[in-house]
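Asks: Generate coordinates for the sequence data below:
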Amino acid sequence: MSTLLLAYCQVSLTGRVNCLRSCLICIFSNSAHGAQHPYNSVTKPPDTYDRNAKQPYQPAAAEPRTDPVEVTALSKVFQYWRISPKYSLTVACSEPVEPYITCDCSYENNTSCHITSLNVSGLAINDIIPEELWNLTFLTYLNLENTYMRGKLSSSIGKLKRIQVLDLGSNALSGELPKELGNLTDLVRLFLGPNNFTGSLPSELGNLMKLDLIYIPSSGFSGEIPSTFANLNNLQFVWASDNELTGRIPDFIGNWTLLTFLKLEGNSFEGPIPSTFSNLTSMIHLMLSDVFNGGSSLAFIKNMKSLSILYLRNNNISDSIPLNIGEYQNLTLLDLSFNNIRGKIPDSLFQMSSLTHLSLGNNKLNGTLPTQKSPSLIYMEKFENETKVLSKLMAQHLGSAVATTQHY
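Replies: Sure, this is the predicted structure:
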């Protein structure tokens, strides 16, 4: 098999033979029992002997070889997934070709290789994750996104203690999330959604203190956000929408001061929205909806001057729109609909040069709309407030723009 693969790679990957030789050629040559290495001890190397040199000729060092445990594991995984290295696998050590793997051959004085990356995203594998996959313990990057994976996630995933990026999203994985994920303490980015998991988020995930991203939308998780998540102070991006998360929104989220993206809509949280959110001064994209009980205030947004998207639909907010809303010069979308917001709409809201989408319906606003609006405002939802806002005036504001609902 190694001879065929070498021939195939020489044809399809001209100029990359050295890279392959130090990486994946050695993987599949190892798996062919007794197969001759491309550079064997009998073949005479090129005549590079310098007759004027005092030192005798030294043969080239042996090519690095991949750990046989990993070779066996990867071969079995490919067999389960019906992936043929010759026809379905194009491997280049420096190109993101899918599926692809990469190796690190710097071990044991550059004589030993370990598989560090595996990406099969987008392949219609439609199978379970073989137990052998978890024997690739040197992986730092694993991407199985959108491969139609099904079945439960094994507790053996906890063996991948070097993993930094793990993407299992857009599959049909089921069952509870194994607590052994908490062993992956080098993990920086975790993608788990969408999937069909059940149960709550394991408290052990609070051990992953290097995490800067959690992506778990539409994943089936229920219950409260574990208190151990208070340890995750490096988080910058959290997307946990459309699950069945319950309980109060934790105050400790306000300590995630590096956070720029928070998307929690479509759950069943209880209010109020914590006042500690005022600490999130780097926030750019905030989406939170369907918070029941407990009246919330808009005071927490006072220092979020970098906001681009503010989506707070149906959160039982009882407050007025801040008079300084015009200072939020990066704001492109504002949705405060289905709350109990009262008072007048500040004129400055309609003069914001960046604002394109505005929704304030189903509140207790009063007064009239200004006669002029920013030309950037292309979508404005029809108001259904306790106000005397004339439909004729609304039509003037909408102008000829196409009012289509954009999903975020």
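Asks: Which parts of the stretch 301-408 of the chain are strands?
Replies: Here the stretch 301-408 of the chain has its strands, by DSSP state E, counting those that start in this stretch, at 309-311, 333-335, 342-344, 357-359, 364-366, 379-380.
Asks: Of all those, which one is nearest Ser318?
Replies: Proximity to Ser318 (C-beta to C-beta) singles out strand 342-344 among the strands of the stretch 301-408 of the chain, at 7.5 Å. Every C-beta, even on glycine, is put in place using the N, C-alpha and C of the backbone.
Asks: Return the set of buried residues in that closest one.
Replies: Residues Arg342 are the ones in strand 342-344 that count as buried (16 or more other C-beta atoms under 10 Å).
Asks: Repeat that for stretch 295-311.
Replies: Under the neighbour-count criterion of 16+ other C-beta under 10 Å, stretch 295-311 has 296, 298, 300-301, 304, 306-311 buried.
Asks: least trustworthy position among those residues, going by pLDDT?
Replies: When those are compared by pLDDT, Ser296 scores lowest at 92.
Asks: Tell me the spacing between that residue and Ser275.
Replies: 9 Å (C-beta to C-beta, to the nearest Å).
Asks: Output the strands of the stretch 301-408 of the chain in JSON lines, with distance to Ile253 appended to each entry.
Replies: Shown next, in JSON lines, are the strands of the stretch 301-408 of the chain (distance: least, C-beta to C-beta, whole Å):
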{"stretch": "strand 309-311", "distance to Ile253": "16"}
{"stretch": "strand 333-335", "distance to Ile253": "20"}
{"stretch": "strand 342-344", "distance to Ile253": "27"}
{"stretch": "strand 357-359", "distance to Ile253": "24"}
{"stretch": "strand 364-366", "distance to Ile253": "28"}
{"stretch": "strand 379-380", "distance to Ile253": "29"}
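Asks: Mean pLDDT lowest where, among the ones you listed?
Replies: Across these, strand 379-380 has the smallest mean pLDDT, namely a mean of 77.
Asks: From the contact counts, what lies against that strand?
Replies: Helices and strands in packing contact with strand 379-380 are listed as strand 357-359, helix 391-398; criterion 3 or more C-beta pairs under 8 Å, 6 or more residues apart in numbering; DSSP states H and E.
Asks: Of the ones you listed, which shows the lowest average pLDDT?
Replies: The lowest average pLDDT among these, as it happens, falls on helix 391-398, at a mean of 34.
Asks: Report pLDDT for Lys44.
Replies: Note for Lys44: predicted pLDDT of 30.
Asks: and the gap between the residue nearest to Glu244 when sequence neighbours are not counted and Ala240?
Replies: Nearest non-adjacent residue to Glu244, counting by C-beta to C-beta, 6 or more residues apart in numbering: Ser222, 3.9 Å away. According to C-beta to C-beta, Ser222 and Ala240 sit 12 Å apart.
Asks: Out of those two, name the residue with the larger neighbour count.
Replies: Counted by other C-beta atoms under 10 Å, Ser222 and Ala240 do not tie: Ala240 has more neighbours, with 23 against 15.
Asks: Show the pLDDT at the closest residue to that one other than its chain neighbours.
Replies: Among residues not flanking Ala240 along the chain, Ile216 sits closest, at 5.1 Å (C-beta to C-beta, 6+ apart). Per-residue pLDDT puts Ile216 at 98.
Asks: for the residue nearest to Asn243 when sequence neighbours are not counted, what are its contacts?
Replies: Excluding the flanking residues, the one nearest Asn243 by C-beta to C-beta, 6+ apart is Phe221, at 4.6 Å. Shown in contact with Phe221 (C-beta atoms under 8 Å, 6 or more residues apart in numbering): 177, 197, 199-201, 240, 243-245.
Asks: Please repeat the previous calculation with a cut-off of 7 Å.
Replies: Counting by C-beta atoms under 7 Å, 6 or more residues apart in numbering, Phe221 makes contact with 197, 200-201, 243-245.
Asks: just Lys179 next, same as before
Replies: 202, 204.
Asks: swap the cut-off to 10 Å and go again
Replies: Shown in contact with Lys179 (C-beta atoms under 10 Å, 6 or more residues apart in numbering): 155, 158, 202-205, 207.
Asks: ok so, going back, count of neighbours near the residue nearest to Ala240?
Replies: By the measure other C-beta under 10 Å, the count of residues near Ile216 is 24.
Asks: got it, and Thr72?
Replies: Neighbours of Thr72 (other C-beta under 10 Å): 14.
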